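> Let's see this in three dimensions:
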Amino acid sequence: MPSPLDRLKERKLVEWTLAYLAGAWLVMQLVEVLADRWPLPLGLQRGIDVLLIVGFFVALTLAWYHGEKGRQRVTGPELLILAVLLFIGGTLLAFLRPEERAADVLPDRSVPMASSPAEDAPGIAVIPFRNLSGDPEQEYLVAGMHEALISSLSQIEALRVISRTSVMRYADTEQSVPEIANELSVDAVIEGSVNPVGDRVRITVQLINGHTDGHIWAEEYDRDLRDVLILVSQVAGSVAEQVEVALAPEDAELLTSAGRVDPELYDLYMRGRFFYGQFTDDGLARSIETFERAIGIDSTFAPAWAGLAGAHVLRIYRGFATARESTPHAERAAVRAVELDEDLAVAHTALGWVRFLQWRWEDMRLDLETALSLNPNDPDALHGFGDYLTITGSADDGLVYVRKATDNDPFSPLWRTTVVGHLHMMGRFEEAIAEADQLLELHPEVPIWGWRGHSNWQLGRLEEAIADYRRLLARRPEQLEVLEEGYASGGPRGALRAYTDATAEAAEGSGRGALGVAYRYARLGDASKALAWIERGFEQRTPDLAYLGVRPEFEFLRSAPVFLRLLQQLGLPAPTSG
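Below you'll find the predicted structure:
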């Protein structure tokens, strides 16, 4: 009986293994090259990988069987020569490809630190497009085209582009262009209309001088709906030229890189964006459902994955879902979006906020820097980078970024509220109150009274703080009653104590809200309860934990060993007192 080694040699299994692996390597590189040039379906690429794996075992089985029967006609040296040639072919293909797709999974991590936002960039505002179809059902599409043009222009570093939230107030305005330009502090205004008919869409756009009301440029575009992204990029490029912006080569490339898209897919994507913008629990749930339907049509459409990630993140921040429940879904979608298109700014922004939820601060920085390098006007990325700087010890620089987000979206209460919060965390309480008052002049309905009350409390103005809390709770009669009962028996501190105890009881079994309770106990100077609720926040992985080291309410705890241990657990630097 021949030995096992002799039988392996007789059947040439080693030679067949090398030849097969070399051939598989060549096939994989060929698929990658084709995928660089044509959008091969992801399912097809994965199917080829599976076939190659299965085929390996089939090839070895056949080699063994035919070797046993003495039917192998190819010699061992010939097989080895074939393996070398196949391997060389695959290697040449790998080196000759225009870009290395193996690096596409995540962006280059050598991105430099983001530069401070430019203050002298010319400003432009795109006021809402008119829907000429006469069909209210098409309004979401018109809104989507408007948002897409703003997003396209925002990628140009040499422009300051006003965000959609702030320009929506001019949807049916009778104000003149100079009045709008003055309110938004911009140099030019874009007006336009959209008329979708069947599978075609016509966009009419005009660029107007914000100071003189004179027309700079006007154009009409008529395209197949499949080419809508190309159309928007065309408009953005024309606008950039007309306002005499010197495009950097990379900016020009961004504006010409859009491709065709399936009309049904684009329809679902625009609907998902529309529901996302409602910021409600129901709206975000519908947004997630709609983005998932879009992904079902084309699982390689990166914007839908980025939208899905953003919706999951926003549900966490709005308190509609727990971090433990939704962060894995958000991470999966954000990573997939970056895998599919590493030049998509919103994908990196979403991933940056996911890293925030995961306490992965360095990854957060790198993802948000990448987002800002692709779209320096993105308020979400500016806000996120400002938060990163603040919580890691550079609060002054952080404030610059959150103010930039406000400059780009001056009438959005969200970003103005963020500025108030940052001023409060920096101990600039008077400025925080003044900023809150300015916001209330524009948006009396915004619940900024909480931040105002917190700053008044830190200044020792307890009566004024309680007055702010009363306004905050005006629409929550049961909680207001608890506050008033506490005030009647113990003044401002009694009011806050009663309200804090009530919210602590309500938060006991809810799985959320722990940090809010901790803040209130800290204002009362109750160290043991504040620390207990902070630790509960770790169990919940509440987003507010990120601000643990910079919230002034916790200043009296900053030398406590348990507090320092909690900061270390977060991976954040120990704050300085004062």
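> which element follows the helix or strand hosting residue 437 toward the C-terminus?
Element membership for residue 437 (DSSP states H and E) is helix 429-442. Going down the chain from helix 429-442, the next helix or strand is helix 449-458, by DSSP H and E.
> Quick one: work out the angle between the next helix or strand after that next one and helix 449-458.
Per DSSP H and E, the first helix or strand lying C-terminal to helix 449-458 is helix 462-472. Using axes from the mean of the first three to the mean of the last three CA atoms, to 10 degrees, the inter-axis angle of helix 462-472 relative to helix 449-458 is 170 degrees.
> re the thing from before, report the buried residues of the helix holding residue 437.
Across helix 429-442, burial judged by 16 or more other CB atoms under 10 Å covers 429, 431, 432, 433, 435, 436, 439, 440. Where you see a C-beta, it was placed from the backbone N, CA and C, and this is true even at glycine.
> closest to residue 563 among the residues you listed?
Proximity of the buried residues of helix 429-442 to residue 563 (CB to CB) peaks at residue 429, which lies at 22.0 Å.
> wait, that closest one sits on residue 460?
No - using CB atoms under 8 Å, residue 429 is not in contact with residue 460, being 9.9 Å away.
> Which residue, other than its chain neighbours, is closest to the most centrally placed residue in the chain?
Centroid check for the chain by CA atoms, centre = their mean gives residue 350 as the closest residue, at 2.3 Å. Spatially, and ignoring its direct neighbours in sequence, residue 350 is nearest to residue 309 (3.9 Å; CB to CB, 6 or more residues apart in numbering).
> Give me the buried positions along the helix or strand containing the one you found.
For residue 309, the element it lies in under DSSP H and E is helix 302-317. Going by neighbour count (16+ other CB under 10 Å), the buried part of helix 302-317 is 302-316.
> Surely residue 191 is in a strand?
Yes - judged by DSSP: H, G, I helix; E, B strand; the rest coil, residue 191 forms part of a strand.
> Give me the neighbour count for it.
Per other CB atoms under 10 Å, the neighbour tally for residue 191 reads 20.
> So the nearest residue to it once chain neighbours are set aside: helix, strand or coil?
Nearest non-adjacent residue to residue 191, counting by CB to CB, 6+ apart: residue 206, 5.3 Å away. With three-state DSSP as the basis, residue 206 sits in strand.
> Residue 206: neighbour count?
15.
> Who is it paired with across the strands?
residue 191, residue 218 (DSSP bridges).
> where does residue 243 land on pLDDT?
On pLDDT, residue 243 comes in at 60.
> ditto for residue 479
94.
> Extract the residue ranges of the stretch 101-250 of the chain that are flagged as low pLDDT.
Under the criterion pLDDT under 70, the flagged ranges of the stretch 101-250 of the chain are 101-120, 229, 233, 236, 240-250.
> can you pull out the helices in it?
139-154, 164-167, 177-184, 228-242, 249-255 (DSSP state H, counting those that start in this stretch).
> picking up where we left off before, wouldn't the residue nearest to residue 191 be in contact with residue 220 here?
No - assessed by CB under 8 Å, residue 206 is found out of contact with residue 220, at 9.6 Å.
> anything in contact with each of the two?
None of the residues lies in contact with both residue 206 and residue 220 under the rule CB atoms under 8 Å, 6 or more residues apart in numbering.
> Neighbours of residue 154, how many?
Residue 154, neighbours per other CB under 10 Å, totals 25.
> Adjust the sequence numbering to begin at 22 for everything that follows.
Okay, using 22 as the starting number, the last item reads as residue 175.
> Look up how far residue 326 lies from the closest residue to it other than its chain neighbours.
When the adjacent residues along the chain are set aside, residue 175 lies closest to residue 398, with 3.8 Å between them (CB to CB, 6+ apart). Going from residue 398 to residue 326 by CB to CB, to the nearest Å gives 22 Å.
> got it, and residue 191?
From residue 191 to residue 326 the distance is 32 Å (CB to CB).
> Same check on residue 286?
12 Å.
> now residue 106
For residue 106, the distance to residue 326 - CB to CB - is 40 Å.
> repeat for residue 566
27 Å.
> go on, residue 486?
44 Å.
> burial of residue 303, as a residue count?
Neighbour number of residue 303 under other CB under 10 Å is 10.
> Do you know the pLDDT at it?
For residue 303, pLDDT reads 92.
> Which element, helix or strand, includes it?
helix 302-318.
> Against which helices or strands is that helix packed?
With contacts taken as 3 or more CB pairs under 8 Å, 6 or more residues apart in numbering; DSSP states H and E, helix 302-318 sits against helix 284-297, helix 323-338.
> any low-confidence regions in the stretch 472-599 of the chain?
530-532, 596-599.
> just the helices in it please.
Using DSSP H, counting those that start in this stretch, helices in the stretch 472-599 of the chain cover 483-493, 498-528, 535-544, 548-561, 582-591.
> hmm, back to that, can I get the buried residues of helix 450-463 in a markdown table including distance to residue 556?
Formatted as a markdown table, the buried residues of helix 450-463 follow (distance: CB to CB, whole Å):
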| residue | distance to residue 556 |
| --- | --- |
| 450 | 28 |
| 452 | 32 |
| 453 | 28 |
| 454 | 31 |
| 456 | 32 |
| 457 | 31 |
| 460 | 33 |
| 461 | 35 |
